[in-house]
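Undergrad: Here's my sequence, what's the structure:
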Amino acid sequence: MSQITQVKLKDLNILKLYEHYGALERSLPLLTPESQELAQAELEACASLRSEKVDRIYYAMAAHEDALERIKKETDLIAQAKRHHESQLQGLKNLLSWLRRALPLDSTKIQGKNYEFVLSKKKELTVEITSDPASWHTDERLTYCIEQETTTTKTIVVRSMTGEVLSERTEPKTKLETLPNLDAIRDAYQNGQHLPQGVKVEQQYAVRKNRLYTARGMEAQTPEHLTQFLHEPSTAD
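TA: All right, here's what the predicted structure looks like:
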């Protein structure tokens with residue numbers, strides 16, 4: 001292709017194409033009619049390449065948007081799977097706690113063929129709250145809630161570029177929260193008192209898993225002394 005300049009248009013990025021197009025366009029009035037024809041052809045080629053690169057921006061944006069959408073969906077699926085497994089795990093722990101009641105009082109182990117679970121009482125009763133304390137009756141909030149006041153202070157300092165302090169001020173922010181009083185709830189539960197709706201108290205157990213290494217049924221076949229490994233069978237003469 002004939003050009004008025006020696007620039008390799010295909011080697012230019014989109015910024016350089018815009019700059020080259022602008023410079024070439026501004027030079028048109030200064031050129032002879034013959035040169036203007038060459039310049040006009042170069043402008044058209046430059047505009048065509050520029051348009052292709054603009055389209056590439058669109059394709060790149062669309063690709064990243066699609067990727068982000070897939071990541072979001074995958075993140076939602078992972079969160080859903082996490083909640084599922086957490087729920088199943090808690091259910092299994094609750095099952096072990098229920099099985100613990102069937103054991104003798106002095107026993108803490110639930111044994112299977114290859115694994116065992118060792119259960120130990122947690123020091124404090126577990127309180128599970130599925131209701132909003134703000135919806136409790138007034139007397140229940142007075143008995144089973146506490147107020148937590150949190151004050152944070154933000155200091156804002158404005159300095160000149162040389163480091164001189166131009167102004168300084170503090171902005172305190174106070175947050176007041178109504179929280180359940182877990183100790184009061186535990187005491188009420190132990191004393192058989194009525195608890196707000198959505199409040200559950202139970203004794204939970206810490207669970208430790210062990211692998212059983214003793215292979216049942218093989219002990220009698222296993223030599224107990226080194227000499228049994230070293231004994232040489234007698235040979236017939």
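
Undergrad: Would you mind measuring from the most centrally placed residue in the chain to Lys73?
TA: By Cα atoms, centre = their mean, the chain has its centre lying nearest to Ala79, at 8.1 Å. Relative to Lys73, Ala79 is positioned 11 Å away (Cβ to Cβ, to the nearest Å). Yep, even glycine has a C-beta here, placed from its N, CA and C like the rest.

Undergrad: And Val7, by the same measure?
TA: For Val7, the distance to Lys73 - Cβ to Cβ - is 46 Å.

Undergrad: the more surrounded of these two?
TA: Val7 (16 against 10; other Cβ atoms under 10 Å).

Undergrad: Tell me the pLDDT of that one.
TA: On pLDDT, Val7 comes in at 89.

Undergrad: Kindly report the same for Tyr205.
TA: 88.

Undergrad: Tell me who's in contact with Ala47.
TA: Ala47 sits next to Tyr21 when contact means Cβ atoms under 8 Å, 6 or more residues apart in numbering.

Undergrad: any idea which helix or strand carries it?
TA: Assigned by DSSP states H and E, Ala47 belongs to helix 33-100.

Undergrad: Show me how far that helix is from its chain's centre.
TA: Its chain's C-alpha centre and that of helix 33-100 lie 19 Å apart, by Cα atoms, centre = their mean, to the nearest Å.

Undergrad: continuing past it, what's the next helix or strand?
TA: Going down the chain from helix 33-100, the next helix or strand is strand 109-111, by DSSP H and E.

Undergrad: domains of the protein?
TA: Domain segmentation of the chain under automatic domain parsing yields 9-61, 124-203.

Undergrad: if we compare these, which one ends up closest to Ala102?
TA: domain 124-203 (14.9 Å; Cβ to Cβ).

Undergrad: start to end distance for that closest one?
TA: 8 Å (Cα to Cα, to the nearest Å).

Undergrad: now do stretch 99-114
TA: 18 Å.

Undergrad: Equivalent analysis for stretch 118-133, please.
TA: 35 Å.

Undergrad: Mind checking the pLDDT average for it?
TA: Mean predicted confidence for stretch 118-133 is 93.

Undergrad: buried sites along it?
TA: 119, 125, 127, 129, 133 (16 or more other Cβ atoms under 10 Å).

Undergrad: Off-centre distance for it?
TA: How far stretch 118-133 lies from its chain's middle: 25 Å, per Cα atoms, centre = their mean.

Undergrad: and for that stretch, what are the contacting residues?
TA: 96-97, 100, 108-110, 141, 144-145, 178-180, 182, 185-186, 189-190, 196-210.

Undergrad: And for stretch 178-193?
TA: Taking Cβ under 8 Å, 6+ apart as the rule, stretch 178-193 contacts 124-125, 127, 129, 133-134, 141, 143-148, 194-195, 199, 201.

Undergrad: In strands, which of those residues appear?
TA: 127, 129, 145-148, 199, 201 (DSSP state E).

Undergrad: from these, which is closest to Leu38?
TA: Distances from Leu38 to the ones in strands among the contacts of stretch 178-193, taken by Cβ to Cβ, are shortest for Gln148, at 78.6 Å.

Undergrad: so that closest one makes contact with Leu176?
TA: Yes: counting by Cβ atoms under 8 Å, Gln148 touches Leu176, with 7.4 Å between them.
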